[in-house]
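# Everything below, folded, please.
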Amino acid sequence: MSKSPTISFIGAGNMASAIIGGMLDSGFRAADIWVSAPDDDHLQSIRKRFGVSVTTENRYCAQQADVVILAVKPQVMADVCRDIAPVVQNTRPLMISIAAGLEAATLDSWLGGGLPLVRVMPNTPSLVGKGAAGLFANKQVTEQQRQTAESVFSSIGTALWVADEDQLHAVTALSGSGPAYFFLMLEALEEAATAAGIEASTARQLAIQTMAGAAEMAARSEHDPAQLKRNVMSPGGTTERAIQSFEDGGLRQLVGKAYRAACERSEEMARELAGKS
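This next block holds a predicted model:
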């Protein structure tokens, strides 16, 4: 692969746009990026926004690339992969999929087999440059290709590798679904504060800033979350009583149950999607 690889996106949705924006902000060149999608009007808006090259032809887009990022919905992935398979079998680019649930072996079979392939599980905060992505590489991926994939997804947040593809189900249940868990907590805090008499918009702003501040403290601190929690608590104080209420109510057990449910559903989806070959 060249020092400055050409990267093609098959699909031009919100996540693809977020990745492109992050890449450009981190030093990738617009001249090295191609995007394909069926809607030419949308593609022209992408071209004007980012200065990248666009085409409605997936095969032509794939043919330009050292790296092809598959950014289409899982339900249409089989058709897209089979369409570009003759091209990528000839050019042998690094293939990267951001589709949830579709396993590497399934994707590779649709692409004709034997290609270097990285699966990525990004999450919605990637849209604001604060993503958390889990990455898995098959055995055909070289170290240089791993570095390229990591640099792409590091441009929109944190990118961490897993050694076993099955661990991506656990990543899905953690960072993939995780933003919704925190939004639920924000929703519940806002409701509780509003019930206590705080104006709704004030409650929301305070809750959001409190969550953001706590996350930043956790990111910067050398202490684990348990110690950070203890640092907020005073014996007999308000925080201690609130935390005890959470513990008595079985919050830990409920979080574990929810996490396992998400993980199991991710596994089910992988089987369902593979069956649509």
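# Show me the helices in this protein, by range?
Using DSSP state H, the helices of the chain run over 14-25, 40-50, 58-63, 74-91, 104-110, 143-154, 167-171, 178-195, 200-220, 225-232, 238-248, 251-274.
# Give me the local confidence score for residue 226.
Looking at residue 226, its pLDDT is 97.
# and the gap between it and residue 243?
Counting by Cβ to Cβ, to the nearest Å, the gap from residue 226 to residue 243 is 11 Å. Any C-beta I mention is one placed from the backbone N, CA and C, and that applies to glycine too.
# returning to that earlier point: mind checking which of the helices of the chain is nearest residue 116?
With Cβ to Cβ as the measure, helix 143-154 is the member of those nearest residue 116 (5.6 Å).
# mind saving the C-alpha coords of that closest one as PDB?
C-alpha atoms of helix 143-154 as PDB (Å, rounded to 0.1, in the frame of the first residue of the first chain):
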ATOM      1  CA  GLU A 143       0.600  -4.500   9.900                       C
ATOM      2  CA  GLN A 144       0.600  -1.500   7.700                       C
ATOM      3  CA  GLN A 145      -3.000  -2.000   6.800                       C
ATOM      4  CA  ARG A 146      -3.900  -2.300  10.500                       C
ATOM      5  CA  GLN A 147      -2.200   1.100  11.100                       C
ATOM      6  CA  THR A 148      -4.100   2.600   8.200                       C
ATOM      7  CA  ALA A 149      -7.500   1.400   9.600                       C
ATOM      8  CA  GLU A 150      -6.600   2.600  13.000                       C
ATOM      9  CA  SER A 151      -5.600   6.000  11.800                       C
ATOM     10  CA  VAL A 152      -9.000   6.300   9.900                       C
ATOM     11  CA  PHE A 153     -11.100   5.500  13.000                       C
ATOM     12  CA  SER A 154      -8.800   7.400  15.500                       C
END
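# re earlier: what would the helices of the chain look like in JSON lines with mean neighbour count and distance to residue 129?
Formatted as JSON lines, these follow (neighbours: other Cβ atoms under 10 Å; distance: least, Cβ to Cβ, whole Å):
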{"stretch": "helix 14-25", "mean neighbour count": "20", "distance to residue 129": "6"}
{"stretch": "helix 40-50", "mean neighbour count": "14", "distance to residue 129": "15"}
{"stretch": "helix 58-63", "mean neighbour count": "20", "distance to residue 129": "25"}
{"stretch": "helix 74-91", "mean neighbour count": "17", "distance to residue 129": "25"}
{"stretch": "helix 104-110", "mean neighbour count": "19", "distance to residue 129": "27"}
{"stretch": "helix 143-154", "mean neighbour count": "18", "distance to residue 129": "11"}
{"stretch": "helix 167-171", "mean neighbour count": "21", "distance to residue 129": "19"}
{"stretch": "helix 178-195", "mean neighbour count": "14", "distance to residue 129": "14"}
{"stretch": "helix 200-220", "mean neighbour count": "13", "distance to residue 129": "14"}
{"stretch": "helix 225-232", "mean neighbour count": "12", "distance to residue 129": "24"}
{"stretch": "helix 238-248", "mean neighbour count": "11", "distance to residue 129": "31"}
{"stretch": "helix 251-274", "mean neighbour count": "14", "distance to residue 129": "24"}
